[in-house]
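In: Any chance you can model this:
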Amino acid sequence: RAKAMKFKDGYLISTGEPKKHYIAEAVRHVCMRQGMLGIKVKIMLAHDPEGIMGPKMPLPDNVIIHEPKEDVPVMQPNAEDQAQGGYQGDQ
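Out: Now for the predicted structure:
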C-alpha cells in the first residue's frame, strides 16, 4: 500500500515567479526490501544581496519602511493677509 507523510517547518512559498528562484527541490527513489520508497525534499533558500549563497532578487512581499521626511513648519498668516479676508483666488 502507498503511504505518504509530510513534514513542514517554517515559511515555504509555493507559487509564482519567486518559487523558481527560492525553492530548491529534489526527488529520490530508494529500492527497499518491501518495495520502492520515494522521497521529495523542498528547501527555501535565504535572500542573499550578493547572490552567492541564495537568490539576489528580494521577495515581492518584502516591505521596507522608510523614516518619515522632515515636515516644513506651516507659516502663520500675517496681519496683512487677515485684513484682506483670507483666500483671494485667481484675482
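
In: Contacts only, for the closest residue to P18 other than its chain neighbours.
Out: Spatially, and ignoring its direct neighbours in sequence, P18 is nearest to L59 (5.8 Å; C-beta to C-beta, 6 or more residues apart in numbering). Using the backbone N, CA and C atoms, a C-beta is placed for each residue, glycine as well. Contact analysis of L59 by C-beta atoms under 8 Å, 6 or more residues apart in numbering lists 13, 18, 22, 47.

In: got a list of what the third one touches?
Out: When contacts are counted by C-beta under 8 Å, 6+ apart, Y22 touches 13, 44-45, 54-55, 59.

In: Over to the second one?
Out: By C-beta under 8 Å, 6+ apart, the contact list for P18 reads 55, 57, 59-60.

In: Any of the contacts of Y22 buried? List them.
Out: 54-55 (16 or more other C-beta atoms under 10 Å).

In: so which of the contacts of Y22 comes closest to V72?
Out: L59 (35.4 Å; C-beta to C-beta).

In: Tell me the spacing between that closest one and H47.
Out: As judged by C-beta to C-beta, to the nearest Å, L59 and H47 stand 7 Å apart.
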